[in-house]
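> no sequence for this one, just the structure:
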């Protein structure tokens, strides 16, 4: 902290830092608790897949609420047979 900094601003910064740490602590801790409880009732791959679907849905809703445009496929699109493939695209000879 510099000597010319406002004491109110410094205490506000300290409060925001503590709130950020508290948020990380609660969110991270609740994630581990949810995994612990969820694995008891669902198979692990189904649980992790559903977590990713929920997280993607929440991020999508957040971006839509902020009036962002909906994501679109590239102009050429991706054929369904290539959507999940790990091989490189075929090139014309």
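It's in. All values reported here derive from a predicted model rather than from experimental measurement.
> residues of the helix or strand encompassing residue 9 that come out buried?
For residue 9, the element it lies in under DSSP states H and E is helix 7-41. Applying a neighbour-count criterion of 16 or more other Cβ atoms under 10 Å, one finds residue 38 buried in helix 7-41. Any C-beta I mention is one placed from the backbone N, CA and C, and that applies to glycine too.
> Which SSE is immediately downstream of it?
Next along the chain after helix 7-41, with elements defined by DSSP H and E, is helix 44-65.
> Give me the distance between residue 42 and residue 68.
32 Å (Cβ to Cβ, to the nearest Å).
> go on, residue 7?
39 Å.
> repeat for residue 30
27 Å.
> same thing with residue 23?
23 Å.
> how far does stretch 54-67 sit from the chain's center?
10 Å (Cα atoms, centre = their mean, to the nearest Å).
> Pull the residues that contact that stretch.
residue 70 (Cβ atoms under 8 Å, 6 or more residues apart in numbering).
> average pLDDT for stretch 13-32?
Summarised as a single mean, pLDDT over stretch 13-32 is 91.
> Could you point out which residue ranges in the protein have low pLDDT?
1-5, 71, 73-93 (pLDDT under 70).
> Looking at residue 42 and residue 68, which is more packed in?
residue 42 (13 against 10; other Cβ atoms under 10 Å).
> I'm done for today, thanks for sticking with me.
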